[in-house]
Every structure is written in structure tokens, then in C-alpha cells.
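1. dropping a prediction and its sequence here:
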Amino acid sequence: MEAIILAAGYATRLYPLTENTPKPLLNVAGKPIMEHIIKKLGAIKEISRIYIVTNHKFEQHFRKWLQSFDAQKPIEIINDGTKSNEDRLGALGDVHYTINAKKINDDVIVVAGDNLFELNLSDVANFFRKRKSNTIVLHDVKDFELAKQYGIVEIDENLRVVHFEEKPIVPKSTLASTGIYLFPKKTIELIKKYISQGNNPDKTGSFIEWLHKRDAVHSYVTDKKWYDIGSFEQLEMANRHYRQ
């Protein structure tokens, strides 16, 4: 298995904090968000390499950080070549770019680089192995108003995804995507097909909505703490929690 951490956004909602610092390198409880994520990935023994895909603007920030980071697994920084929020490839676009650039032909775990979570990824990996199926990690926000801010998933009694919608006006559930996805090797060809057909590369969730109609996508639901660092409020909440 290989890991892709998505870190090519420009985080305009967190300006001026992120004007000269990529969001995944913002500190939470004295440590960059990226390091919290990499520590979590360490629970999956099968991961052979971690790719951090970023943009031209922030590539050197990540390379400088990596020089002083004591990595337990090989880490490679990938520059997707974009220079602004306007020409970004999008989340699925960056997954596709990394797969092609590094000729990945293996199971893949994709993690959004601005998420903090307490669940144990080895439990998710075990779930993935047993089902041998695409897997998305969900968190129940338990609030339909709050659900309007997230990618919301509807599942059936077998934990299979039956609907996915980004920031729905009328949410069908309160199960939010946490930005963690596990894809078996066979799905790589479907990612390439999705992109080649001209589908929206901006959100990974748009791919899940396309994918579940063609192949099974199972959901792993967690009630562990999860923070989507998309606002100053969420950043401060995460800081308070992790300082404890």
C-alpha cells in the first residue's frame, strides 16, 4: 500500500496565516498538522511510501520541513506544478497526478492534509482488507445544520455508500466524509477513467459519487474526535483539544 497526503491547496479561508505557510504545516499543539497525520499513518504497517502532493508555491516549505523531520517511512514531496488557487488541479486531480507521476500500481490510502483525527488507522485498514473494497471513513456530526458544511454520505444496512453530496442544502444524513479514502489497486484504472472523461477533479467526494454507481464503496464510521481545519474556529478547537 502507498499513501498520498493531499497538501496542494491554498487555504484562502485561513489568510493571513496561510499566505506564506501551507495549512498542513500550521502548528496544532506545537506540532505541524502534517506530523499528526503521518504518525497516524504509521499504524498501517503495509504502507511502503508516503507521497505528499503540494504545489509550486509551497514545495520548498515542505522540503525544508522534511529535512528536520525524523520519518519512519520513506516520504517524497510531489510538486503538482500549480501556482495559484485558480489553476489548482483539485483533490482528485492531485491523486491522479501522483499516481501517474510515480507509476503507482498498488492499494492506495488518500488522506486530506488538513484533517486531524483520533481513530486508529490500523482498524480502518483491517476493515478494508476484509471487504477488499473501496472504503471511505465517515464521522457522524449528529447535526443536520452542521452537515450542510461537509460532504455528506448516505449508506445502506451493509455499510455501502448509496449517495454522496458535497455541502447539501438538505442533507440525507449526518455522516460526513473525513477526507480518508482507501482504494484497492483495481480502482486506479477507474480514477484514470474518471479524469479522462472530463469529470470534476476538484473534490474526491465527486469521484465517490461516480464510483459507487460502478463499484462497491464501503464506509467505516467512527465516533472518535475529528477536526476539519477549514476555519480559524476549527484550528483553535483542535489546538485546545490536542494541548490536553
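-> Done, it's in.
2. contacts and neighbour counts: CA atoms only from here.
-> OK.
3. list the contacts of whichever strand in the chain runs longest.
-> Longest strand of the chain, by residue count under DSSP state E: strand 175-183. Here strand 175-183 makes contact (CA atoms under 8 Å, 6 or more residues apart in numbering) with 107-112, 115, 128, 133-142, 147, 150-154, 205, 221, 226, 228.
4. in helices, which of those residues fall?
-> 128, 147, 205 (DSSP state H).
5. ok, the last one touching G151?
-> Yes. Under the criterion of CA atoms under 8 Å, G205 lies in contact with G151, with a separation of 6.7 Å.
6. need the residues touching each of those two.
-> With CA under 8 Å, 6+ apart as the test, G205 and G151 both reach 164-166, 177.
7. dump those residues to JSON lines, plus neighbour count.
-> Below are those laid out as JSON lines (neighbours: other CA atoms under 10 Å):
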{"residue": "F164", "neighbour count": "25"}
{"residue": "E165", "neighbour count": "21"}
{"residue": "E166", "neighbour count": "20"}
{"residue": "S177", "neighbour count": "24"}
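8. okay, the residues you listed in TSV with secondary structure next?
-> Formatted as TSV, the shared contacts of G205 and G151 follow (DSSP: H, G, I helix; E, B strand; the rest coil):
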residue	secondary structure
F164	strand
E165	strand
E166	strand
S177	strand
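9. out of those residues, which is nearest to I5?
-> The closest of those to I5 turns out to be S177 (CA to CA; 15.6 Å).
10. show me the beta-bridge partners of that closest one.
-> L138 (DSSP bridges).
11. any idea how far it lies from D80?
-> 24 Å (CA to CA, to the nearest Å).
12. after the longest strand of the chain comes which helix or strand?
-> helix 187-196 (DSSP states H and E).
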